[in-house]
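Chemist: got a predicted model here, sequence first, then my questions.
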Amino acid sequence: MTPIASSAKSKQDDSLPHPIYTAVSQQCQICAEQLKRYSHADSLPIDTRQAPNLDIGFGQQRALKALRTALDIDASGYHVFAAGENGLGKRTIISRLLHQIADHASAPNDWVYVHNFSDPRTPLALALPAGQAAQLQQKVGELWTQVKETIQASQYDIAPCTLRPLFDSIHQPFSSLPDVTAYLDALCADMAEHTEQIVHGNEEAAVSIQLATTPSQYTVNIMVSHDPNGGTPVIFESLPTHLNLLGHIDQTIQSGTVTTDVSMIRAGALHRANGGYLVLEASHLLEQPYAWQSLKQALQTHTIKPSTLASNTAFASGLSSEPVPIALSIKVILLGEADLYYELLELEPEFDAVFKVRADFHDDVPRTHEHELALVAKMADIIDDAKLLPFDNSAQAALLEHLSLQSENQDRLSLHSDRLIKLLHESSRHARLKNKDIVNNTHVTQAISDMDERSGYLRDLYWNELKTGQQLLNTQGKAVGQVNALTVVSYADSEFGMPARLTAVIQPNIGGGEVLDIERDVDLGGSLHAKGMLIMTSYLRALFSQHHALNFSASLAFEQSYAHIDGDSATVSEGCALLSALANTPINQALAITGSMNQLGEVQAVGGINAKIAGFYDACCEQGLTGQQGVVIPMANVKQLMLRDDIIAAVKAGQFRIYGVHTLSQALTLMTGLPIDTKNKKGRYRKDTLFGKVLRRLMLWDENQNAEDNDDDKQAKKKAKKKRKKKRRKKDNQRQPDANDNKDETTKETEYL
């Protein structure tokens with residue numbers, strides 16, 4: 001009876017999990033409390049109407065410090081490149097800062113262009129105190145009107161000296177401006193000459209009086225005029241073309257000839273921002289021909305020279321105008337992403353000399369109570385500006401949790417404004433649709449769901465393929481050399497998790513083979529994916545080559561994947577698939593895995609962890625939750641977990657499991673249920689370990705090959721022996737006629753016959 005009982009006990013033990021698997025499973029399992037960090041509504045304002053005042057520099061203190069440094073230094077080249085991702089609100093923050101400074105500063109000079117009576121081809125640029133450009137224009141216009149009236153009243157019989165009191169009166173308002181008074185002297189002299197021509201019967205001069213038109217040489221063309229109490233200008237140019245920046249000179253065609261005059265000079269963004277600040281999108285600037293070169297030259301020379309519009313070559317003989325450049329004093333702030341900044345540094349040698357200050361805008365901030373309140377203040381500012389419904393503290397908490405999800409970190413909050421603004425608008429809409437006067441967390445949740453649904457077309461296509469069996473995926477059972485890898489699909493503004501089947505195929509190769517990455521060989525794998533494969537291969541060589549030669553070839557592929565694959569987050573799953581195939585040991589298909597790996601077998605963090613987990617959970621729900629399914633992720637990613645509430649509920653109910661691992665060995669234990677690298681007293685891997693199975697199989701291939709070689713040797717020896725016997729027999733036959741050498745020819749002939 002005893003042997004039977006012992007046998008039964010042994011059989012029962014074989015069905016139980018290995019003690020090492022149990023220990024690793026308990027050690028690596030992540031509890032539900034670690035899967036999301038919630039915001040406590042009680043610690044937030046009752047609603048956004050009670051929010052604290054907004055600090056415009058919240059979260060961007062480093063960038064604002066750099067900006068203030070550049071603005072305080074009055075030296076050449078201290079312009080700013082504001083670097084950061086699109087959607088961070090760089091323009092809003094910078095504009096508010098600049099307006100704060102500009103509102104307390106003195107208004108800059110007005111600028112006008114006037115006729116140059118000494119050289120009509122070069123109009124003069126005059127600077128006047130703020131607000132006086134319009135006054136000069138008005139006085140010159142009034143002067144000409146008075147001159148006309150005086151001439152007409154005298155019926156064209158007038159002495160030029162009669163106009164002297166009129167000329168003297170215009171000098172008085174501008175007596176402190178030498179350049180202006182010099183221009184007025186020339187103006188009055190020309191008017192006197194004009195009057196003389198009228199008196200002496202000049203028809204052209206007389207016509208200008210009769211038609212009540214102002215001659216172009218008496219035009220005061222205002223380039224820019226400022227309110228004396230309005231502070232310095234802050235200009236954002238949305239279309240920074242060459243002409244929109246520098247201004248331009250219009251032209252007219254008269255009798256087939258191109259003509260222009262001082263009245264046709266048009267101001268550009270540099271004129272409007274002169275004495276203040278100009279904000280430009282760097283990418284828009286670089287898209288426009290000659291725009292960057294024009295801006296660079298203006299900033300280096302500290303002058304603005306309007307551009308002449310290209311005219312038809314048929315009219316090239318027309319008059320041209322070369323206005324005197326206007327002195328430029330300005331601070332320019334370029335907005336762009338960091339990658340563009342580095343490209344400009346590399347491709348434009350003078351870029352660093354012109355834009356000496358880089359202001360870095362951060363993507364997120366630490367998730368502290370102080371920062372949560374600051375973000376509520378930011379929400380309140382957006383809500384007030386857009387006239388949305390107020391948000392209660394439950395809605396605020398839901399938004400803060402979503403900002404942590406966007407940051408992919410429990411301890412960080414995203415500073416991206418674009419998505420937050422959309423969420424606020426759509427949440428307010430849902431509250432209005434339900435006739436509510438305040439927004440709560442259910443409205444925010446519905447808005448998030450709507451936004452995900454709108455961007456989920458590609459995801460729905462995949463799930464339809466999974467439902468119909470076109471996409472092969474098993475969430476139950478076991479398979480050798482087959483792993484469910486966690487991946488993320490990114491397309492435009494859509495990103496979602498999608499589990500993919502990864503397979504490995506092994507074949508013996510005594511001469512030494514290689515690990516073939518099918519994705520890379522067909523140009524579907526990126527450089528980071530290739531790097532991960534090489535690291536994994538290097539790890540395996542270091543692991544086994546000291547014990548046995550790697551006498552195999554392998555191939556790895558993502559099945560039913562036809563798009564470009566990049567990133568090293570599949571390194572751990574590739575290692576698991578390859579070692580499973582080498583050991584001929586099955587992998588649990590109820591688990592999916594992701595993780596990067598270094599050459600020491602340590603598992604490293606990856607991106608998109610929340611989307612990856614959600615993707616496999618949804619696949620398991622589609623095929624039926626068994627309570628055994630789950631995911632294996634890097635332990636370093638646990639702080640990035642901000643999972644959906646339904647996934648957390650499934651974990652609490654024991655229907656889904658999440659494991660965090662530090663090493664490939666831990667991952668392999670969870671995936672195979674075996675100990676991995678336990679050694680005996682002699683320092684060799686135990687036979688029941690995964691690595692032991694791998695080495696035993698490598699040696700078996702050698703033994704099989706040696707046996708085949710021995711069989712081949714025996715066959716070769718038999719063939720050689722037969723060949724020697726055949727040669728010996730042939731030689732014997734050749735020596736036999738020598739015994740009859742003494743016979744005469746007759747005897748020989750008789751014997752032959």
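Modeler: Nice, I can see it. Computed from a predicted structure; not experimentally measured.

Chemist: pLDDT weak spots in the stretch 451-600 of the chain?
Modeler: Counting by pLDDT under 70, the stretch 451-600 of the chain contains low-confidence residues at 492, 509-533, 542, 544-552, 560-568.

Chemist: whoops, the stretch 301-450 of the chain was the one
Modeler: Counting by pLDDT under 70, the stretch 301-450 of the chain shows low-confidence ranges at 308-320.

Chemist: hmm, who's touching the helix or strand hosting Asp418?
Modeler: Using DSSP states H and E, Asp418 maps to helix 417-433. When contacts are defined by CB atoms under 8 Å, 6 or more residues apart in numbering, helix 417-433 is touched by residues 86-89, 92, 378-379, 382-383, 386, 388-389, 391, 395, 399, 402-403, 406, 414, 437-440, 443-444, 446-448, 450-451. To be clear about C-beta, it is placed using only N, CA and C from the backbone, and glycine gets the same treatment.

Chemist: pull out the buried positions in it.
Modeler: For helix 417-433, the neighbour count (16 or more other CB atoms under 10 Å) marks Ser417, Arg419, Leu420, Ile421, Leu423, Leu424, Glu426, Ser427, Ser428, Arg429, His430, Ala431 as buried.

Chemist: how long is stretch 385-403 end to end?
Modeler: Between the opening and closing residues of stretch 385-403 there is a gap of 21 Å (CA to CA, to the nearest Å).

Chemist: about what we covered before: now restrict the contacts of helix 417-433 to buried residues only.
Modeler: Those of these that meet the buried threshold are 88-89, 378-379, 382-383, 388-389, 391, 395, 399, 402-403, 406, 414, 438-440, 443-444, 446-448, by 16+ other CB under 10 Å.

Chemist: next step: those residues restricted to strands.
Modeler: If you go by DSSP state E, these have Ser414 in strands.

Chemist: helix/strand/coil for Ala557?
Modeler: Assigned with DSSP: H, G, I helix; E, B strand; the rest coil, Ala557 falls in the strand class.

Chemist: ok, for Met191, nearest residue in space, not its chain neighbours?
Modeler: Spatial nearest neighbour of Met191, chain neighbours left out: Val147 (5.6 Å); criterion: CB to CB, 6 or more residues apart in numbering.

Chemist: chain neighbours aside, what residue packs nearest to Lys305?
Modeler: If the residues on either side of it in the chain are set aside, Lys305 comes closest to Pro325, at 4.4 Å by CB to CB, 6+ apart.

Chemist: mind listing what Gln666 touches?
Modeler: Residues in contact with Gln666 (CB under 8 Å, 6+ apart) are Val24, Gln27, Cys28, Val603.

Chemist: now with 7 Å, please.
Modeler: Listed by CB atoms under 7 Å, 6 or more residues apart in numbering, the contact partners of Gln666 are Val24, Cys28.

Chemist: so how far is the first residue of stretch 279-289 from its last?
Modeler: Looking at stretch 279-289, the gap from its leading to its trailing residue is 19 Å under the measure CA to CA.

Chemist: ok, stretch 228-243 next?
Modeler: Stretch 228-243 has an end-to-end distance of 28 Å (CA to CA).

Chemist: same thing with stretch 345-361?
Modeler: Using CA to CA, the distance between the terminal residues of stretch 345-361 is 18 Å.

Chemist: for Leu246, give its distance to Pro240.
Modeler: Computed as CB to CB, to the nearest Å, the Leu246 to Pro240 distance reads 10 Å.

Chemist: and for His662?
Modeler: In terms of CB to CB, His662 sits 51 Å off from Pro240.

Chemist: who has more neighbours, those two?
Modeler: Taking His662 and Pro240 together and counting by other CB atoms under 10 Å, Pro240 has the greater number of neighbours (25 against 16).
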